[in-house]
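Enquirer: below: sequence and its predicted model.
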Amino acid sequence: MKSSFTKALTFLACTSLAPGADLVSSGDWAKSINATDLVAGAGSDLPAQFESVSGVTTLTISNAPGAWTLRTRVGGSGGHGSVTVYIKRTSGGSGSGSISGGTAYQALTGSDAELFSGTEARSNIALQYKITGLSSRVSPASYLSSIFFTVQ
């Protein structure tokens, strides 16, 4: 009998608004993992990590009078305990303000953590995701995680 090996990971970008600033996120990442992802074919394991393309999610922060901080966390109960989701900023976007930090991968947890900070309006800030901890020993299923962003 032929065994089916499929995993699907989906990340949804969600936003939360702080008074005085508007935050819009656009994009998500869905990764289907199957036998073609095995490192050396049948009987081998998966790569140590999977990365999305740069800019898979973009953020726009507007109506921000002055300095702000972007915080992020992972939510949902559809993940697997051995899997870690990482996020980083891959561009500063454009706009009248400035942006700093967040260019190295940061592991997401269920608690808000600062990803980067800036001033005034910025649009098309590109983000990238990475996942680790998947292996052929993780039960094939669909795992869903939501990523939440907050501007403070």
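Expert: Structure's in. What do you need?
Enquirer: residue nearest the centroid of this structure?
Expert: Tyr129 (4.2 Å; CA atoms, centre = their mean).
Enquirer: and that one, what helix or strand is that in?
Expert: strand 122-132 (DSSP states H and E).
Enquirer: on that earlier part again, quick one, phi psi at the closest residue to the residue nearest to the centre of the chain other than its chain neighbours?
Expert: Leaving aside its sequence neighbours, Tyr129 sits nearest to Ser52 (CB to CB, 6 or more residues apart in numbering; 4.4 Å). (C-beta placed from N, C-alpha, C; glycine too.) Here is the backbone geometry of Ser52 (degrees, to the nearest 10): phi -80, psi 170.
Enquirer: tell me who's in contact with Ser52.
Expert: If you count contacts by CB atoms under 8 Å, 6 or more residues apart in numbering, Ser52 has them with Phe11, Trp29, Lys31, Gln128, Tyr129, Lys130.
Enquirer: looking at those residues, which is nearest Lys88?
Expert: Checking those against Lys88 with CB to CB, the nearest one is Gln128 at 5.6 Å.
Enquirer: who's in contact with that closest one?
Expert: Residues near Gln128 by CB under 8 Å, 6+ apart: Glu51, Ser52, Val53, Ser54, Gly55, Val56, Ile87, Lys88, Thr90.
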